[in-house]
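**Student:** Need coordinates for the following:
(one chain, ligands or ions: 1)
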Amino acid sequence: MRETNFIIENNARHLWHPMAHPAEMQAHPPRIVNSGEGVEIVDIQGKKVLDAVGGLWNVNLGYSCEPVKKAIRDQLDELPYYSTFRGTTNSPLIELSYELAEWFKPDGLSRSFFTSGGSDSVETCLRLARQYHKVNGQPERTKFVALKKGYHGTHFGGASVNGNQNFRRNYEPLLPGVIHLPAPFTYRNPFNTTDGAEIAAAIGRLFEDEIAFQGADTIAALIVEPVLGAGGVIVPHETFLPLMREICDRHGILLIADEVITAFGRTGAWTGSRLWGVKPDMMSTAKAITNGYFPFGAVMISDKVAEAFESNKNSVGNIGHGYTYSGHPVGAAAALATLKETRKLDVAANAAARGEELLAGLKALQNKHELIGDVRGKGLMCAIELVSDRAKKSGAAKDVVQKVHDATYEAGVMVRTSGANVIMSPPLIVTAGDVQTILTALDAGLAAARA
Ligand code: PMP
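**Tutor:** Model (predicted):
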């Protein structure tokens, strides 16, 4: 490998980063991560930190998952690529679709369509939702309903249903016919209440109102994250998703669960939908499906949707959608090994137990640090929201948030910041001791920002 200075200088010169201003990356170079082991990563200066981000909510089994690495190596030797477009397929992929149907049986999802990541999976869901209605003889159902603060990736469809200005404004015009409802957020909402059940009911009324205004026969689908991730870890009240399901059913609207983060155990349940006792019509997954080791995703499809397509003999049922890497054999092998390890290690149970410890610890930090306005989490997806004034709930300044991040890193733990939120989504294999390490470092980070 080239010498350290070459690496550092050329990042600024030639590399544009996702979700970053190129000028800022030149002024404040990013950390260069060189290696990973267990739940830790090591940067180019040799500093080792606990990765409380878990890659990007995806390295659920940590950086030393040998069975997944071996499956990738072996599959590279056997068949490094072949297409799954009409006419060909591959064995690991067929085995994977069988395993996924088993995995998602409790969610009522039995067919899979493969992609190269979360944005692709979302795009696939949106397209198939429109096509489902065409197949079903209701071609005018084309609109989508989504939540403010929702995140659904960065393709044009996903960006159109995204509920955060940062991912929309500079890319407009986006898809027409997208309606946004408020997020089920107790800390900030337009309903003047902190009662989660009341907020859920109020959003339900707005949804019904919007359906009446638009006409149910114009709406294809509602897309929601069972726990909103990138929007700042917003955990809806337990009544929220069942209510959305019931309204969708009553009006013939499909429910798409965007589980790119929540599928495979992160919330403490095997899926976010199961956490709330809801069966979606389609589910987008990616990230942890290969433990982050290979870019891969799967859209899971319910019997209802599948049967509409499969029983249709006309060209409208033909899936005119897919990617060169839909069903990549190396991704399939990685996913098969990941699923096996994920189940063997029962990481959902660990996420639930460690998540409770993390949440309790964050609440204790809130009592100590005025800077923390709100603490939220479910399983091992947690956030603290930093404020400059607790009563006014005004967001903390950017440099304060950066200072918390940097000082926490110095204290040995990588966290992620998004706006005024500090987000934690460590690998699901963390121990109780690791949770304490995260809390101790964050405590130091918060103290340093106050100093
Ligand atoms: N949906 C959700 C809920 C996500 O959190 C993400 C990524 N964080 C995406 C979609 C997009 O996934 P990707 O970045 O793999 O395209």
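
**Student:** So which residue is dead centre in the chain?
**Tutor:** Ile261 (2.9 Å; Cα atoms, centre = their mean).

**Student:** How about residues contacting stretch 60-80?
**Tutor:** Stretch 60-80 is contacted from outside by 35-41, 51, 54, 90, 92, 264-266, 288, 290-294, 329-330, 332-334, 336-338, 340-342, 345, 347, 427-429, using Cβ atoms under 8 Å, 6 or more residues apart in numbering. Just so you know, the C-beta spots here come from the backbone N, C-alpha and C atoms, and that holds for glycine as well.

**Student:** if you look at those residues, which of them are in strands?
**Tutor:** Among those, the residues falling in strands (DSSP state E) are Ser35, Gly36, Glu37, Glu40, Ile41, Asp51.

**Student:** between those residues, which has the most around it?
**Tutor:** In terms of neighbour count, Asp51 stands highest of the ones in strands among the contacts of stretch 60-80 at 25 neighbours, by other Cβ atoms under 10 Å.

**Student:** Does at least one residue of the biggest strand by length in the chain sit close to the ligand?
**Tutor:** With residue count as the measure and DSSP E as the assignment, the chain has strand 381-389 as its longest strand. No. Contact between strand 381-389 and the ligand, assessed by Cβ under 6 Å from any ligand atom, is absent, since the two come no nearer than 10.0 Å.

**Student:** ok, which stretches of the stretch 101-250 of the chain are helices?
**Tutor:** If you assign secondary structure with DSSP state H, counting those that start in this stretch, the helices in the stretch 101-250 of the chain sit at 118-135, 156-161, 196-214, 240-251.

**Student:** on that earlier part again, weed out the non-buried ones from the contacts of stretch 60-80.
**Tutor:** 36, 39-41, 51, 54, 90, 92, 264-266, 288, 290-294, 329-330, 332-334, 336-338, 341-342, 345, 347, 427-429 (16 or more other Cβ atoms under 10 Å).

**Student:** need the residues of the stretch 201-350 of the chain near the ligand, please.
**Tutor:** Residues of the stretch 201-350 of the chain lying near the ligand by Cβ under 6 Å from any ligand atom: Glu225, Gly229, Ala230, Asp258, Val260, Ile261, Ala286.

**Student:** change it to 5 Å
**Tutor:** Within the stretch 201-350 of the chain, the positions lying close to the ligand (Cβ under 5 Å from any ligand atom) are Glu225, Gly229, Asp258, Val260, Ile261, Ala286.

**Student:** re earlier: and the buried ones among the contacts of stretch 60-80, which of them are in helices?
**Tutor:** In helices, defined here by DSSP state H, the members of the buried ones among the contacts of stretch 60-80 are 54, 92, 329-330, 332-334, 336-338, 341-342, 347.

**Student:** ok, the residue in the stretch 1-150 of the chain that the ligand sits nearest to - how many residues close by?
**Tutor:** Taking Cβ to the nearest ligand atom, the ligand has its nearest neighbour within the stretch 1-150 of the chain at Gly118, 2.0 Å off. For Gly118, the number of neighbouring residues by other Cβ under 10 Å comes to 28.

**Student:** Fine, thanks again, bye for now.
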